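Undergrad: Using only what follows, build the 3D model:
(chains A and B)
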Amino acid sequence: MTPPSRHPRGHPIRVLIAKPGLDGHDRGAKVVARALRDAGMEVIYAGLRQTPEEIVRAALEEDVDLIGLSILSGAHMALFPRVLSLLKQEKAGRIPVFAGGIIPDEDARRLRKAGIRAIFGPGTTLEEIVATARKIARRRA
Amino acid sequence: MSGSSRLPPAARAILRGDRRALARSITQIENGEPSAEPILASLYPRTRGIPVVGIAGPLGVGKSSLINALIARLRSHGKTVAVVAVDPSSPFSGGSVLGDRIRIERRPDDEGVFFRSMASRGASGGVASATLEAARLLDAAGFDVVLVETVGSGQVDVAIREIATTSVVVLVPHLGDEVQTLKAGLFEIADVFCVNKSDLPGADTAKRDLDDLVAQGTHEGRWTPVVVATSTIAPTGIDALWEAIESHERFLDSSGARTASERHRLTVEIVGLVRERVGRELAERLEGDRELRTLLDQVVARSLDPRTAARKLHLGFPRDE
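TA: Sure, this is the predicted structure:
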């Protein structure tokens, strides 16, 4: 395998996958984590019941290029904007955030407006998620 | 501090306690970016040589949970802790799932803890040098202790020896009979043996086997590994584990072994870095080299063997000086 030192710009995309809030359904997050891994990304899996503060802290420490949030509890209108505003507060608003879960269309529209870059509902293919993740991941200077 | 105005901005930010600058610089180290070099070079004189504790052992023995328990122990004693947790990269896709964070419970506003996940990215040597250099930045950033969680398999874990000042090997009951403990590798690198999940049956036997192993290998003036039993469900033995680590660190100082082992580690590191450079230059020089192509034709035609071809090629190199 080629040592990474030879490819200063060819480094793997680092992505944080986390579940904000209190629902315990992490199958979807795990399936997505695995698909992103198989696409060659380094997935930091933060797991269940994360507060927005913990998610932002993890994103900064891990210096990720992308954040994926999964939620099935219905609390997305409270938790997603909170993650976005904490990121802005930390001057990390340039880290793109995508989301997946059960999110009604009207909410999805408002969340996109608020700055969530992509929202994936049931039935989305993994290929679509991987392609979008590649497209929106932060490019480093 | 004198001279800090001449430091690169990122290095100054790290010394100020800027965690994002720290995180970004670690990424640059991991990616082998040239921008990491001036940061590392300028911060090296500011490192103090803090304890770097390697937590090694097979998958699933509870390394992350132990680190979580150690963080709590260290924080309650007012010590700051940085963790570098390495997980394997896929040899197929190059991707990885870094899942060590899920065991860590802490207040998100606690600036006394820094946690970073790292993918092994194939080469064991590569992750070793990235981990070592990350640990140096964490030292310069002012942390009291660095904990390094290894990838959890074979030879890569043994490389922790080149990074850590104290190596803890974590095992669990029923990993095998005492002949396993005679096998080369993991059992040779331990300064501290930790029998985790000691609430499970068989823990006594596992501990006794390790005690026997350790007793057979005692030498006057050399460190004798300590065996401790721990459990992280209702945390037990965590104080004993930390005390064993600290007593090894004290031994390094009182015996003079710290200087010797540091010299050894640095030799390995410097030689490794030279090898990397030479290898890279060599690969560049040989790409499209005419003599190589000529020799290659002969080797393919079976009129020359590969070793002789290599010797000819090597002899033909222009030497400096």
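Undergrad: Give me every residue in the stretch 1-150 of chain B lying close to chain A.
TA: By the rule C-beta under 8 Å from any C-beta of the partner chain, the part of the stretch 1-150 of chain B lying against chain A is B:19-20, B:23-24, B:26-27, B:30-34, B:89-91, B:93-99, B:101-102, B:108-109, B:114-117, B:119, B:121-123, B:126. No exception for glycine: its C-beta is placed from N, CA and C like everyone else's.
Undergrad: Quick check: phi and psi at residue 14.
TA: Assuming you mean chain A. Dihedral angles of residue A:14 (phi, psi; degrees, to the nearest 10) stand at phi -100, psi 120.
Undergrad: Which ones among the residues of the stretch 1-150 of chain B next to chain A map onto strands?
TA: If you go by DSSP state E, the residues of the stretch 1-150 of chain B next to chain A have B:96, B:97, B:98, B:114, B:115, B:116, B:117, B:119 in strands.
Undergrad: which among the residues you listed gets closest to residue B:290?
TA: Residue B:290 lies nearest to residue B:119 out of those, by C-beta to C-beta, at 39.2 Å.
Undergrad: Quick one: neighbours of the closest one, just the number.
TA: Residue B:119: 27 surrounding residues under other C-beta atoms under 10 Å in any protein chain shown.
Undergrad: Chain B contacts on chain A?
TA: Taking C-beta under 8 Å from any C-beta as the measure of proximity, chain A contacts chain B at A:1, A:3-8, A:11-12, A:14, A:33-34, A:36-48, A:51, A:53-54, A:57-58, A:60-63, A:90, A:92.
Undergrad: Low-confidence regions, chain A specifically.
TA: A:1-10, A:140-141 (pLDDT under 70).
Undergrad: quick one, helices of it?
TA: With DSSP state H as the criterion, chain A has helices at A:27-38, A:52-61, A:76-89, A:105-114, A:126-136.
Undergrad: go on, the stretch 1-150 of chain B?
TA: Per DSSP state H, counting those that start in this stretch, the stretch 1-150 of chain B carries helices over the ranges B:9-16, B:19-30, B:36-43, B:63-76, B:124-140.
Undergrad: got the contact list for the closest residue to residue A:60 other than its chain neighbours?
TA: Closest residue to residue A:60 apart from its sequence neighbours, by C-beta to C-beta, 6 or more residues apart in numbering or on different chains: residue B:20 at 5.5 Å. Contact analysis of residue B:20 by C-beta atoms under 8 Å, 6 or more residues apart in numbering or on different chains lists A:60, A:63, A:90, A:92.
Undergrad: Please, a PyMOL command that selects the buried ones among these?
TA: Burial among the contacts of residue B:20 is assessed by 16 or more other C-beta atoms under 10 Å in any protein chain shown; the matching PyMOL selection reads:
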select buried, chain A and resi 60+63+92
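Undergrad: which of the contacts of residue B:20 sit farthest apart?
TA: Greatest spatial distance among those (C-beta to C-beta): A:63 and A:90, at 12.3 Å.
Undergrad: ok, residue B:234 - how many residues close by?
TA: Residue B:234 has 6 neighbouring residues, counting by other C-beta under 10 Å.
Undergrad: Give me the phi and psi for it.
TA: Per-residue torsions, residue B:234: phi -110, psi 100 (degrees, to the nearest 10).
Undergrad: how about the nearest residue to it, chain neighbours excluded?
TA: Using C-beta to C-beta, 6+ apart, the closest residue to residue B:234 is residue B:199 (7.9 Å).
Undergrad: Quick check, the one you found in contact with residue B:229.
TA: No. Judged on C-beta atoms under 8 Å, residue B:199 makes no contact with residue B:229 at a distance of 9.5 Å.
Undergrad: So for residue B:320, what pLDDT did the model give?
TA: If you check residue B:320, the pLDDT there is 54.
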